[in-house]
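Enquirer: My questions concern the predicted model and sequence given below.
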Amino acid sequence: MSDPGSPEVCGSTRDPAWTGRVFWSLGALALLWPALVLSEFKPWVLLEPGALKPALNFVAGFFPPRTDAEFLALLARETWRTVAMATAGLTLALLLAVPLALLSVRVLSVSAMAGAMAPMPLALRQVVRWVLTLLRSVPELVWALVFVRVVGLGPTSGVLAIALTYGGMLGKVYADILESSDTHACASLMRNGAGRVQAFFYALLPQTAAELTSYTVYRWECAIRSSAVLGFVGAGGLGQLMDSSMKMFNGAEVASILLVFMALVWLADRMSAALRKALA
């Protein structure tokens, strides 16, 4: 009788799937290489003397960060403007995303309970899906450039840009979260005479509230970063302040601004964790 620990019983120690993994790894590399060539990805350029020395000099200027009272007051004002821009933009995005998400969710369709959705609700749902696709397909930077020409320089263009792009993103993800939830309770309520709004608040929302809240806070964090980028095209806030600091090669100011961004992302992460814990 063979020993269970012998090679004859245990078999080869070689991974039986190694050939498949090697094949797909080589295939991925073969697809990635033309993409790197087409994008002219040349990281070794950073190590050339003409590029390395100015970069090191600029990074060296980060230390110590600028902390005088005048600049900190300016930094606090622009930080508040950035947070306000992101929050206002996300609030408008929610006002746009929530109704569009509810209109595009199949589980809240009365006609879909009998099987195939009726033609009119199906057409409405498809149109709403197209609207959400259009909104999130246009980057917020492009929307900001459009609105800067319409309303002029300032935070208003940034708020509107975030509202449109994030409205499409939030609506799409909200709809996917609601569609992937357990729909038995929702269907039961609607079969017993409850309206779609009641079914949403009493069946779908309680089981998806934590996930919806977590994603919303994450999008608020992304909106803060987006508002910084929008500042480079004249939307104000920390981005515009960083743009002027970088043009002046003032690394100390850039370092202080980056530290504020890190603090804002940390704050958003803590808020998300606290809200998930409260809704658990």
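Expert: Sure, I can see it. Here the structure is a predicted model, which means the values were calculated and not measured. Residues are numbered from 1 along each chain as shown.

Enquirer: helices and strands around the helix or strand that contains Trp24, which ones?
Expert: Assigned by DSSP states H and E, Trp24 falls within helix 18-38. Packing partners of helix 18-38 (3 or more C-beta pairs under 8 Å, 6 or more residues apart in numbering; DSSP states H and E): none among the helices and strands. (Glycine included, C-beta is placed from N, CA and C.)

Enquirer: Could you export that helix as CSV, keeping only the C-alpha atoms?
Expert: Output for helix 18-38, consisting of C-alpha atoms alone and laid out as CSV, is shown next (Å, rounded to 0.1, in the frame of the first residue of the first chain):
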residue,chain,number,x,y,z
TRP,A,18,1.0,26.9,-15.7
THR,A,19,0.9,26.5,-19.5
GLY,A,20,-2.4,28.4,-19.7
ARG,A,21,-1.1,31.1,-17.4
VAL,A,22,2.1,31.5,-19.5
PHE,A,23,0.1,31.6,-22.7
TRP,A,24,-2.3,34.3,-21.5
SER,A,25,0.6,36.3,-20.0
LEU,A,26,2.5,36.3,-23.3
GLY,A,27,-0.7,37.2,-25.1
ALA,A,28,-1.3,40.1,-22.8
LEU,A,29,2.3,41.3,-23.3
ALA,A,30,1.9,41.0,-27.0
LEU,A,31,-1.2,43.2,-26.9
LEU,A,32,0.3,45.7,-24.4
TRP,A,33,3.6,46.2,-26.3
PRO,A,34,2.0,47.9,-29.4
ALA,A,35,0.0,50.1,-27.0
LEU,A,36,3.2,51.2,-25.3
VAL,A,37,4.8,51.9,-28.6
LEU,A,38,1.8,53.8,-29.9
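
Enquirer: chain center to that helix, what's the gap?
Expert: For helix 18-38, the separation from the chain centroid amounts to 28 Å (computed by C-alpha atoms, centre = their mean, to the nearest Å).

Enquirer: Contacts for the helix or strand just after it next, please.
Expert: Where DSSP H and E defines the elements, the next helix or strand beyond helix 18-38 is helix 49-60. Residues lying outside helix 49-60 but in contact with it, judged by C-beta atoms under 8 Å, 6 or more residues apart in numbering, are 45-46, 249, 251.

Enquirer: What residues sit buried inside the helix holding Trp24?
Expert: The neighbour-count criterion (16 or more other C-beta atoms under 10 Å) identifies no buried residues in helix 18-38.

Enquirer: heads up, I number from 34, so please use that
Expert: Sure, I'll start counting at 34 from here, so that last one is helix 51-71.

Enquirer: any idea of the mean pLDDT in it?
Expert: Model confidence over helix 51-71 averages 83 on the pLDDT scale.

Enquirer: one step back: of the contacts of helix 82-93, which is the most crowded?
Expert: Counting neighbours by other C-beta atoms under 10 Å, Gly284 leads the contacts of helix 82-93 with 19 neighbours.

Enquirer: What sits closest to that one if chain neighbours are left out?
Expert: In this structure, Gly284 finds its nearest non-sequential neighbour in Gly94, 2.8 Å apart by C-beta to C-beta, 6 or more residues apart in numbering.

Enquirer: Spell out which residues sit in contact with the one you found, please.
Expert: Here Gly94 is in contact with 282-285 (C-beta under 8 Å, 6+ apart).

Enquirer: The residues you listed in helices, which ones?
Expert: 284-285 (DSSP state H).

Enquirer: from the contacts of Gly94, which is closest to Ala194?
Expert: Checking the contacts of Gly94 against Ala194 by C-beta to C-beta gives Asn283 as the nearest, at 27.1 Å.
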